[in-house]
Every structure is written in structure tokens, then in C-alpha cells.
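Student: The following comprises the amino acid sequence and a computationally predicted model.
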Amino acid sequence: MKSLLSYNKERKSFVFLLLFSVFLGVAQSAISQTKQPVLQYVVSMPNPENHYFHVELHCSGWQDETIDFKMPNWMPGYYQLMNYSKMVENFTAKFDNKNIAVKKLNENSWQIKTVKNKPFTLSYDVKADKQFVANSYLDGSHAYIIPNSLFVYINEHLNMPVFVKINGIKKDFKIATGLETVAGKSNEFTAPDFDTLYDCPILIGDLEELPSFKVNGIEHRFIGYKMGEFDKVKFMDNLKKVVESAVAIIGDIPYKQYTFIGIGPGQGGIEHLNNTTVSFDGSDLDKPEAMNRMMSFLAHEYFHHYNVKRIRPFELGPFDYDQGSKTNLLWVSEGLSVYYEYLIVKRAGLVNTQTLFNDLENSINAFENSPGRNFQSLTQASFETWNDGPFGKQGENADKSISYYDKGPAVGLVLDFAIRKATQNQKSLDDVMRLLYWQYYKKLQRGFTDAEFQESCEKIAGCSLKNIFEYVYTTKAIDYNNYLQYAGLILKENFDVVSKTRKFSFQILESNSNDQKNILSHWLEK
């Protein structure tokens with residue numbers, strides 16, 4: 001028989017071991033439950049001439065019994081449903097080299113049954129034969145990847161990190177993308193979440209990189225495919241001036257590096273947080289007009305990294321990759337970016353005052369000769385772009401809509417002058433953009449609403465701007481000269497008999513007050 005003291009010691013030892021075992025089990029269970037699942041995409045191009053990417057998604061660490069995978073229906077920056085899933089073929093899933101049943105839920109959704117915490121692999125092909133800035137494309141000479149069209153997502157896990165590996169790249173090919181490179185791996189990339197992944201297109205091919213430049217210590221690159229022959233030193237010097245001019249508006253650079261990615265000849269560009277993909281052909285850049293147009297185009301896309309990617313409408317984040325993210329405020333995101341592209345190249349010293357006038361005249365003439373100006377407001381044009389298209393309805397209903405690319409800069413112009421007048425030329429629309437950036441993006445880390453945009457403008461102006469915003473919410477005709485005269489300008493109207501259209505042109509009034517001269521001078525930054 002054991003003594004009472006010995007029994008108590010053994011009992012305490014047993015209880016301690018029991019509690020430690022329970023604690024260890026709970027800890028191991030907690031670790032297994034909190035362990036982040038892994039998603040790694042592997043892209044290959046076995047026969048690029050056939051225009052097919054092959055994609056494998058290697059998944060591990062999943063606790064769910066069923067998982068629904070979705071292909072995005074659009075990409076932010078291009079406000080049209082692209083229905084990328086229509087290009088997906090041969091969607092299969094495997095676990096331990098055995099096929100897993102795949103149930104197609106709808107046009108862009110697939111459901112699979114998993115074995116808890118066991119790795120499995122999805123496999124599918126994506127046809128990429130349409131050359132456009134919002135479409136992936138593949139041929140024997142290069143590859144352009146729109147991540148939204150290649151990589152499926154899980155709706156409840158958009159915030160998890162993602163890995164991408166690209167196989168089968170020719171030895172002399174380069175890769176251009178805004179994604180972070182995995183250390184020591186030139187063909188492997190990582191993103192902290194799907195928003196970042198979908199924000200970084202990938203260009204692969206025999207790419208040319210131009211000499212980079214730095215602004216405020218931050219590197220800016222230009223790399224592209226089939227860029228053509230042009231004065232590349234002058235081009236990059238001009239582009240540096242564009243970036244400096246845009247940065248001066250906001251006063252902050254929010255990225256570690258920025259890359260302009262030229263995807264080859266074509267049309268269109270799409271903005272991203274630390275890069276932009278643009279259709280680019282430098283063959284005509286020896287002509288001043290062509291250089292001016294290109295710099296204006298690049299200024300627009302670059303300024304978007306502020307205005308829409310960071311200074312953004314409330315609805316544009318988190319993104320709805322399935323149905324699209326609709327907002328009334330694309331006239332701010334796109335229309336005011338047009339206004340600022342004109343100002344940026346002027347402030348950069350790349351164009352003269354007459355070119356600035358001509359650019360604004362083109363926007364005003366396009367809007368004022370559109371019958372749709374009597375039927376659709378700016379907010380309606382913004383919201384309905386998903387059905388109408390970015391430039392308004394086409395065909396027989398073309399006279400019932402407008403383009404926010406045309407009316408947006410026109411409203412931006414009168415809004416800018418109204419603020420300058422109300423503040424004795426101490427404030428401008430620049431101050432509104434800075435307020436939105438620092439207040440909503442930096443401090444609140446969210447987008448702004450329709451009401452908050454107007455409130456921000458009125459806060460800077462120090463007065464009501466109700467009359468200006470009638471041009472936004474209604475089809476009321478814009479009284480340009482009421483605002484242009486603040487800067488000693490007038491918009492003259494003539495009728496072109498040949499084209500049967502109204503023609504508007506800017507003129508500087510002959511006798512202006514000191515206040516008018518000051519506003520004009522500061523606006524032109526002379």
C-alpha cells in the first residue's frame with residue numbers, strides 16, 4: 001500500500017500531464033485551424049500559336065467540404081461586363097491524381113467537393129485570341145495576361161495571399177508586371193490579396209525597357225512590346241515632366257515603384273495602383289502633335305493612380321467581381337481625369353496655352369453637339385455606362401445619352417473657376433483633390449459618397465456650389481461664360497455650315513481686372 005504522501009504526488013503528476021495533454025491538443029487544433037490555406041497558380045503556354053493559356057491552381061490547407069470557384073466578369077478600370085468565363089475550357093479538379101466531381105453552378109462558377117485539409121488541383125484552359133487592353137492575349141511572340149480573365153477566386157477568401165508561377169517562358173523573354181517578385185525567382189510572383197492580383201496585368205515577350213527616371217526618389221519605368229523607333233531620351237524626359245506635374249497636385253507618392261507597360265499597337269489604357277497598361281506605338285512620335293497626344297494620354301492614365309484608384313467613389317471597393325461595381329461618380333473618376341490630363345501637360349511645359357484651349361474646346365464641342373445632353377445627366381451617364389458603354393449609347397439610341405469623358409471636363413472647368421473666384425484665387429479644384437486624397441484615402445481609408453464629394457468642394461470654396469452641381473445631377477445647360485469671365489475668358493459660339501454643328505472657342509477678353517488676370521495666370525501656372 002502506497003503512502004498518502006506518495007499518492008498525492010502521483011495524483012498531482014497525473015493531473016498535470018492530463019492538463020498539459022489537453023492544452024497541447026487545443027493548441028495544435030488552434031494552429032491547424034488558423035493556418036492559412038494556400039493558393040498557387042501555375043500558368044503555362046504549351047502551344048502559344050493556338051492562343052491558349054493552361055492554368056493550374058494548387059490548393060492546400062482547406063477545411064471546407066465544398067468550395068465554389070468563380071471567374072470575374074469584369075476588371076476594375078473598364079466598366080463593362082467582359083464575361084471572361086466564356087473563354088474557359090476543360091475545367092477539371094483532381095485529388096491524389098484522381099478526378100474530383102465538378103459541378104457548374106452558373107456561367108462563371110464551379111463547385112468541387114474536397115477532402116478536408118488535403119491538397120487538390122484545379123486545371124483549365126483559357127482562350128486568349130482578342131487583342132484589347134482589357135483582354136488577355138497570347139501568340140508566339142508575346143503574352144498579355146489580364147489576371148481577372150485567368151485566375152478564379154473564392155468569394156469568401158478575396159483577402160488571402162496568392163502566388164503565381166509562369167512556366168514555359170522563352171530564354172530571351174522578359175516579364176513586366178506590378179506584382180511583387182518572389183525572392184530569387186524571376187518567374188514567380190506574390191500578391192497579398194486578390195484585389196492586388198487583379199490590379200496587376202502581366203506582359204511577357206521580347207520587351208524593351210527605356211531608361212528609368214526618379215521623382216522624389218521613387219523609380220518610374222517604361223517597358224513595352226513592339227514600341228517602334230522614336231527619340232526615347234526625349235520621350236522619357238517628357239514623361240518625367242508629366243509625372244512631376246501630376247505629383248505636384250497631390251503632394252505624395254503612394255507606391256514604391258511605378259511601371260508604364262506598353263502592350264503594343266492598339267487603343268486604350270487601363271490604370272492600376274502602381275502601373276498602367278497602355279496601347280503604345282512610338283512610330284509617329286517624331287511629330288509634335290503625336291507626342292502631345294501621347295503625353296496627354298499617359299498623363300490621364302498616370303493621374304488615375306490617384307483619381308479612382310485612391311481618390312475613389314465609395315462603391316469602387318471592395319469590388320464586386322461578379323455583378324460589377326456601379327457608381328454615379330465616374331464623371332469624377334474619368335471626366336475630371338480628362339480635365340487634369342489637359343492641365344498636367346500644360347503645367348509640365350509640354351504644350352502652350354492654345355493647345356490647352358483646343359483640348360477643352362474639343363470636349364465642350366463634343367458634348368454640346370450631342371443630342372443626349374438634353375436627356376441624360378452626368379450621374380446617369382456614370383451609372384448607366386455598364387449598359388451604354390463609356391462613350392454613351394450607340395446606334396439608333398445614340399441621341400439619348402452623353403459621355404462623361406466630354407461633359408466631365410466641362411463641369412470640371414467651371415467648378416475650378418467657381419472655387420477660384422469664391423476664395424479670391426487662394427484655392428482651386430487641386431485643393432479638392434488633395435482633400436479627398438488625404439481625408440478619405442489616407443485617414444478614413446475608404447471612398448467618398450456623392451454627397452461627400454459636393455461637401456468637399458463646398459468646404460474648399462467656403463460657400464454653396466449648388467448651381468454648379470445642377471450641371472451634374474440634371475440636364476441644365478451649362479452657363480460657361482458666367483464662370484469663364486472670372487478669369488477674363490469667354491467661350492464664343494459659331495455655327496459650322498459644312499458640318500452643321502456648333503463650334504465653341506476660347507478667347508481672352510481684352511480688358512481684364514487684376515483679379516481676372518491673377519486667376520487666369522494661376523490657372524495657366526504662368
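Tutor: Received it, and whenever you're ready, just let me know what you need.
Student: ok, residue 141 touching residue 203?
Tutor: No: checked against C-beta atoms under 8 Å, the pair residue 141 and residue 203 is beyond contact range at 11.8 Å. C-betas here are computed from N, CA, C, even on glycine.
Student: Same drill for the two, tell me which one is more crowded.
Tutor: residue 203 (24 against 15; other C-beta atoms under 10 Å).
Student: Quick check: that one vs residue 243, distance?
Tutor: Counting by C-beta to C-beta, to the nearest Å, the separation of residue 203 from residue 243 is 20 Å.
Student: swap in residue 223?
Tutor: Computed as C-beta to C-beta, the residue 223 to residue 243 distance reads 15 Å.
Student: got it, and residue 216?
Tutor: Distance, residue 216 to residue 243, using C-beta to C-beta: 10 Å.
Student: Between the two, which is the more surrounded one?
Tutor: Applying other C-beta under 10 Å to residue 216 and residue 243 shows that residue 243 carries more neighbours, namely 24 against 10.
Student: Is the more buried one in a helix, a strand, or coil?
Tutor: helix (DSSP: H, G, I helix; E, B strand; the rest coil).
Student: who's in contact with it?
Tutor: 213, 215, 220, 258, 302 (C-beta atoms under 8 Å, 6 or more residues apart in numbering).
Student: 6 Å instead?
Tutor: 215, 220 (C-beta atoms under 6 Å, 6 or more residues apart in numbering).
Student: same check, this time on the one 10 residues further on
Tutor: Applying C-beta under 6 Å, 6+ apart, we find residue 253 in contact with 216, 218, 247.
Student: Now the last one: which helix or strand?
Tutor: It refers to residue 247. Using DSSP states H and E, residue 247 maps to helix 232-250.
Student: Following element in sequence after that helix, please.
Tutor: strand 257-262.
Student: what's the angle from that next one to helix 232-250?
Tutor: Here strand 257-262 runs at 130 degrees with respect to helix 232-250, directions being taken by axes from the mean of the first three to the mean of the last three C-alpha atoms, to 10 degrees.
Student: Quick check: can you name the pairing partners of strand 257-262 and their directions?
Tutor: According to DSSP bridges, strand 257-262 forms sheet pairs with strand 218-224 (parallel), strand 275-278 (parallel).
Student: Which strands or helices does the helix or strand following that strand pack on?
Tutor: Using DSSP H and E, the helix or strand that directly follows strand 257-262 along the chain is strand 269-271. The contact analysis (3 or more C-beta pairs under 6 Å, 6 or more residues apart in numbering; DSSP states H and E) places strand 269-271 against strand 275-278.
Student: can you dump the C-alpha coordinates of the strand it packs on into PDB?
Tutor: Provided in PDB are the C-alpha atoms of strand 275-278 (Å, rounded to 0.1, in the frame of the first residue of the first chain):
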ATOM      1  CA  ASN A 275       1.300  50.600 -63.000                       C
ATOM      2  CA  THR A 276      -0.700  51.200 -66.100                       C
ATOM      3  CA  THR A 277      -1.100  49.100 -69.300                       C
ATOM      4  CA  VAL A 278      -1.400  51.200 -72.400                       C
END
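Student: mean confidence for that strand?
Tutor: Averaging pLDDT along strand 275-278 yields 98.
Student: contacts for whichever helix or strand comes after that strand?
Tutor: Downstream of strand 275-278, the first helix or strand assigned by DSSP H and E is helix 288-303. For helix 288-303, contacts defined as C-beta under 6 Å, 6+ apart pick out 238, 242, 246, 269, 271, 276, 278, 284-285, 337, 340-341, 344-345, 350-351.
Student: Output helix 288-303 in CSV, but only the C-alpha positions, please.
Tutor: Extracted C-alpha coordinates of helix 288-303, given in CSV (Å, rounded to 0.1, in the frame of the first residue of the first chain):
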residue,chain,number,x,y,z
PRO,A,288,4.9,67.2,-82.2
GLU,A,289,1.1,66.6,-82.4
ALA,A,290,1.6,62.9,-81.9
MET,A,291,3.9,63.4,-79.0
ASN,A,292,1.4,65.8,-77.4
ARG,A,293,-1.4,63.3,-77.8
MET,A,294,0.7,60.5,-76.3
MET,A,295,1.8,62.6,-73.3
SER,A,296,-1.8,63.7,-72.7
PHE,A,297,-2.9,60.0,-72.9
LEU,A,298,-0.2,58.9,-70.4
ALA,A,299,-0.9,61.8,-68.1
HIS,A,300,-4.6,60.6,-68.0
GLU,A,301,-3.7,57.0,-67.1
TYR,A,302,-1.0,58.0,-64.6
PHE,A,303,-3.3,60.5,-62.8
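Student: May I see the buried residues of it?
Tutor: Counting neighbours by 16 or more other C-beta atoms under 10 Å, one finds that the buried residues in helix 288-303 are 291, 292, 294, 295, 296, 297, 298, 299, 300, 301, 302, 303.
Student: In terms of distance to residue 498, which of those residues ranks first?
Tutor: residue 292 (25.9 Å; C-beta to C-beta).
Student: so how far is residue 431 from the closest one?
Tutor: Using C-beta to C-beta, residue 292 is found at 27 Å from residue 431.
Student: What of residue 287?
Tutor: Look at residue 287 and residue 431: by C-beta to C-beta, they are 36 Å apart.
Student: neighbour count winner among those two?
Tutor: residue 431 (18 against 11).
Student: Which secondary structure state does the more buried one sit in?
Tutor: helix.
Student: just the one 5 residues further on next, same as before
Tutor: Secondary structure assignment for residue 436 (three-state DSSP): helix.
Student: didn't it look like it was pressed against residue 311?
Tutor: Yes: between residue 436 and residue 311 a contact is recorded at 4.6 Å, counting by C-beta atoms under 6 Å.
Student: Please identify which of the two sits among more neighbours.
Tutor: Neighbours per residue (other C-beta under 10 Å) separate residue 436 from residue 311, with residue 311 holding more: 28 against 25.
Student: what are the phi and psi angles of the closest residue to residue 369 other than its chain neighbours?
Tutor: Residue nearest to residue 369 in three dimensions, not counting chain neighbours: residue 501, with 4.7 Å by C-beta to C-beta, 6 or more residues apart in numbering. Backbone torsions of residue 501, given as degrees, to the nearest 10, read phi -130, psi 160.
Student: what's the distance between residue 501 and residue 384?
Tutor: Going from residue 501 to residue 384 by C-beta to C-beta gives 25 Å.
Student: The two: who's more crowded?
Tutor: A count of neighbours by other C-beta under 10 Å puts residue 384 above the other of residue 501 and residue 384, at 17 against 14.
Student: Read off the pLDDT value for that one.
Tutor: In this model, residue 384 is scored at 95, pLDDT.
Student: So what's the residue count around residue 211?
Tutor: For residue 211, using other C-beta under 10 Å, the count is 11.
Student: And it, how close does it get to residue 502?
Tutor: Taking C-beta to C-beta, one finds residue 211 at 46 Å from residue 502.
Student: same check, this time on residue 167
Tutor: Applying C-beta to C-beta, the value for residue 167 to residue 502 is 58 Å.
Student: Ok, residue 203 next?
Tutor: According to C-beta to C-beta, residue 203 and residue 502 sit 43 Å apart.
Student: got it, and residue 77?
Tutor: 33 Å.
Student: Those two: which has the busier surroundings?
Tutor: Applying other C-beta under 10 Å to residue 77 and residue 502 shows that residue 77 carries more neighbours, namely 22 against 13.
Student: Low-confidence ranges, the stretch 101-250 of the chain, go.
Tutor: Applying pLDDT under 70 to the stretch 101-250 of the chain flags no residue at all.
Student: Helices of that one, start to end?
Tutor: 147-150, 194-198, 232-250 (DSSP state H, counting those that start in this stretch).
Student: Determine which stretch of those helices is the most buried.
Tutor: Among those, ranked by average contacts under mean count of other C-beta atoms under 10 Å, first place goes to helix 147-150 (a mean of 26).
Student: next one: that one to chain centre, how far?
Tutor: Relative to its chain's centre, helix 147-150 lies at 15 Å (C-alpha atoms, centre = their mean, to the nearest Å).
Student: Give me the helices and strands touching it, please.
Tutor: Other helices and strands packing on helix 147-150, by 3+ C-beta pairs under 6 Å, 6+ apart, are helix 194-198.
Student: Done for today, thanks.
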